[in-house]
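Undergrad: Okay, structure incoming, though there's no sequence with it:
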């Protein structure tokens, strides 16, 4: 059974930083796409950043230069380093993984971790 567990969210002031951590277990695919999404109540979920087993990385324009996605395969952990946070980054952040086909169509989701940025 695949499990994804996020941590690292919290409340920070504008300009601050947070590092989100996603620890996954039961995920045995050698090829994959994993990523971070965020959602604000009343709005659609938005993909923030993703990486795949070929080393390809995608980041949305609104966070380029501020957010960085990385992975530690030994620790089975996915990270999202978030710098220069703004109130517009306030959201619930989710970790996700696909079924091993590198499609980045996510099949597995964590429970989310809340990020709140105050001005």
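TA: Here it is on my side, so go on. Quick caveat: nothing in here was measured; it's all calculated off a predicted structure.
Undergrad: OK, contacts around the spatially most central residue of the chain?
TA: What sits nearest the mean C-alpha location of the chain, by C-alpha atoms, centre = their mean, is residue 36, with 2.2 Å. With contact set as C-beta atoms under 8 Å, 6 or more residues apart in numbering, residue 36 has these partners: 20, 22, 47-50, 69, 78, 80, 93-96. Every residue, glycine included, has its C-beta placed from N, CA and C.
Undergrad: what do you get if the cut-off is 6 Å, keeping everything else the same?
TA: 48, 49, 80 (C-beta atoms under 6 Å, 6 or more residues apart in numbering).
Undergrad: any idea how far it lies from residue 23?
TA: Distance, residue 36 to residue 23, using C-beta to C-beta, to the nearest Å: 14 Å.
Undergrad: Which of the contacts of residue 36 fall in helices?
TA: Judged by DSSP state H, the subset of the contacts of residue 36 located in helices is empty.
Undergrad: Restricted to buried residues, select those residues in ChimeraX.
TA: Selecting the buried subset of the contacts of residue 36 in ChimeraX, with 16 or more other C-beta atoms under 10 Å as the burial test, is done by:
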select :48,49,80
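Undergrad: got TSV for the contacts of residue 36, with pLDDT too?
TA: Formatted as TSV, the contacts of residue 36 follow (pLDDT from 0 to 100):
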residue	pLDDT
48	98
49	98
80	98
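Undergrad: now, among the contacts of residue 36, which is nearest to residue 63?
TA: residue 48 (6.0 Å; C-beta to C-beta).
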